[in-house]
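Participant: quick one: sequence plus predicted model below, questions after.
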Amino acid sequence: MLNYLRKIISYENPVRIIWHWLRGLIAAIGYNFPAKNMVVIGVTGTNGKTTTSHMIEHILRFAGKKVAMISTVEIRIDGKVKPNKSKKTTLSPFYTQAWLRICALKKIDYVIIEASSHALHQSRLFGIPFSIAVLTNITHEHLDYHGSMKNYARAKKILFKNVSRNCNRKEPRRVQNIPHNHAFILNADDRFYNNFVEIKCNKKVSYGLGKGDLQAQNVTNSKYGSKFAIRYEASQVLVDLHLVGSFNVENALAATGAALNCKLSLEEIKKGLESFSGVPGRMETISSPKGFDVIVDFALTPDALDRLYKTLEETTSNRLIGIIGSCGDRDKKKRPDMGRIVAEHTDITIVTDEEPYSEDPKVIMQAVYEGAKKIKNTGKNLYLIEDRYKAIEFAVKNAEKGDVVVVTGMGNFSTRTMNKGPIKWDERDVVREVIKKYS
């Protein structure tokens with residue numbers, strides 16, 4: 001009945017909005033607004049939220065701070081980790097407030113929360129006084145929920161307006177003693193930058209590749225990582241980041257902006273970035289004894305796929321083989337674009353099933369396939385293999401030395417949601433099993 005009501009009642013229906021607001025209010029009151037005694041950093045955007053959140057957590061913890069984080073991938077308190085198995089970026093207000101209560105009892109100073117547009121719109125983060133807001137980027141995603149890019153950006157703004165309201169409020173004594181500024185960290189290259197920079201805040205830091213207040217300069221990429229200089233005001237440090245791609249350099253800049261406003265020095269930030277090894281299921285590489293690599297990544301949007309494959313084109317010595325599907329019960333308009341983008345950047349494209357939820361998986365695959373067909377020829381360099389395991393098998397069996405196989409969409413998830421419900425599925429374990437089978 002609840003699922004039926006969700007389908008027939010609009011996301012903008014006042015009843016639904018009030019319902020979400022009341023849940024957020026009750027959760028915050030029930031746990032006595034536990035975030036009020038900590039510096040809370042919110043990270044939002046379409047792509048890069050998870051990696052940026054993990055970078056901030058690692059930099060602060062590496063600098064000796066007491067820090068906690070809740071992300072799409074993991075839930076951490078002072079270095080203790082447990083996986084986030086919910087498949088939700090931002091959890092329910094009751095879970096979040098209960099978790100914040102534990103953080104407060106453990107005397108955590110800094111909390112990083114990966115904030116989705118759904119959570120912001122649904123008041124899941126009600127009652128949390130954010131001090132720092134980070135925007136990675138805003139690209140095509142979740143239009144099935146928000147209806148338009150304008151509405152999508154408006155939902156993201158809720159986080160920044162939260163910080164804006166808190167800028168001139170008197171903070172509890174404990175928070176006053178934790179080094180921090182109230183600040184916006186904004187991607188200077190994002191198309192919505194001007195919409196966010198106009199919101200009032202004591203401090204705004206723009207970042208970008210060769211532009212903004214906080215810059216990455218002289219960037220060089222290899223299959224092993226990226227080297228670049230971070231310049232801020234009159235200071236500069238050279239960074240050897242063990243993550244591949246210019247988009248991860250941008251994530252590093254966003255994390256640097258947040259850390260600077262927690263009063264860390266560029267030298268401290270450099271040490272944190274250079275010791276950061278990545279996020280599970282985000283460009284995670286699994287090597288075959290036959291000399292090719294398989295990369296498992298979460299990329300779910302056209303922009304994320306485009307960035308991922310452009311990076312891999314620069315660093316791959318032989319062929320790129322892409323495995324692509326799309327999630328059910330989500331934005332349908334992006335599916336052909338996703339197929340087209342992967343086909344544009346790969347030598348062999350394989351369309352397969354992902355997580356259909358309540359939709360017909362064949363309809364989803366066909367939409368992705370139609371986009372790929374604009375670029376590739378069926379049976380020559382384009383294949384439709386409905387079974388995801390068999391699709392990975394096909395790619396691994398046909399991979400040669402120097403090739404890179406890319407499988408996107410599932411990342412670190414431990415289940416796939418099919419028509420009949422979830423099934424056990426860890427993409428990384430599947431890849432390892434198939435590689436072993438054909439080695």
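Facilitator: In hand now; what should we look at? Computed from a prediction, not measured in an experiment: that's the story for all the values here.
Participant: show me where the stretch 101-250 of the chain has its helices.
Facilitator: 117-121, 143-146, 149-166, 173-176, 193-197, 246-260 (DSSP state H, counting those that start in this stretch).
Participant: packing partners of the first one?
Facilitator: It refers to helix 117-121. helix 143-146, helix 149-166 (3 or more Cβ pairs under 8 Å, 6 or more residues apart in numbering; DSSP states H and E). C-beta: built from backbone N, CA, C; applies to glycine.
Participant: how does this structure divide into domains?
Facilitator: 2-274, 284-437 (automatic domain parsing).
Participant: Throw those into TSV and include mean neighbour count and mean pLDDT, thanks.
Facilitator: Listed next are these as TSV, based on neighbours: other Cβ atoms under 10 Å; pLDDT from 0 to 100:
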stretch	mean neighbour count	mean pLDDT
domain 2-274	19	94
domain 284-437	19	96
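Participant: convert stretch 168-187 to PDB, retaining C-alpha atoms only.
Facilitator: In PDB, the C-alpha atoms belonging to stretch 168-187 read as follows (Å, rounded to 0.1, in the frame of the first residue of the first chain):
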ATOM      1  CA  ASN A 168      25.900  34.500  12.000                       C
ATOM      2  CA  ARG A 169      24.300  32.400  14.700                       C
ATOM      3  CA  LYS A 170      26.100  31.900  18.000                       C
ATOM      4  CA  GLU A 171      27.500  28.400  18.200                       C
ATOM      5  CA  PRO A 172      27.700  26.200  21.300                       C
ATOM      6  CA  ARG A 173      31.000  26.700  23.200                       C
ATOM      7  CA  ARG A 174      32.200  23.200  22.200                       C
ATOM      8  CA  VAL A 175      31.800  24.000  18.500                       C
ATOM      9  CA  GLN A 176      33.500  27.400  18.900                       C
ATOM     10  CA  ASN A 177      36.600  25.600  20.100                       C
ATOM     11  CA  ILE A 178      36.700  23.300  17.000                       C
ATOM     12  CA  PRO A 179      38.800  25.000  14.300                       C
ATOM     13  CA  HIS A 180      36.500  25.900  11.300                       C
ATOM     14  CA  ASN A 181      35.000  28.500   9.200                       C
ATOM     15  CA  HIS A 182      31.500  28.700   7.800                       C
ATOM     16  CA  ALA A 183      32.100  28.200   4.100                       C
ATOM     17  CA  PHE A 184      30.900  27.200   0.600                       C
ATOM     18  CA  ILE A 185      33.300  25.100  -1.500                       C
ATOM     19  CA  LEU A 186      32.100  25.500  -5.200                       C
ATOM     20  CA  ASN A 187      33.200  24.100  -8.500                       C
END
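Participant: give me the contact list for that stretch.
Facilitator: 36-39, 45, 109-110, 129, 131-137, 160, 163, 166-167, 193, 196-197, 199, 201-208, 250, 254, 257-258, 261-263 (Cβ atoms under 8 Å, 6 or more residues apart in numbering).
Participant: change it to 7 Å
Facilitator: Contact with stretch 168-187 is made by 36-39, 109, 131-137, 160, 163, 166-167, 193, 196-197, 201-208, 250, 254, 257-258, 261-263, as judged by Cβ atoms under 7 Å, 6 or more residues apart in numbering.
Participant: stretch 47-60 now?
Facilitator: 41, 43, 67, 69, 71-73, 76, 89, 110, 112, 114, 134, 136-137, 139, 247-248, 250-252, 254-255, 258-259, 262, 264, 269, 272-273, 276, 279, 282, 301, 303-304.
Participant: mind putting the helices and strands packed on helix 117-121 into JSON lines with distance to Glu386?
Facilitator: Below are these laid out as JSON lines (distance: least, Cβ to Cβ, whole Å):
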{"stretch": "helix 143-146", "distance to Glu386": "24"}
{"stretch": "helix 149-166", "distance to Glu386": "32"}
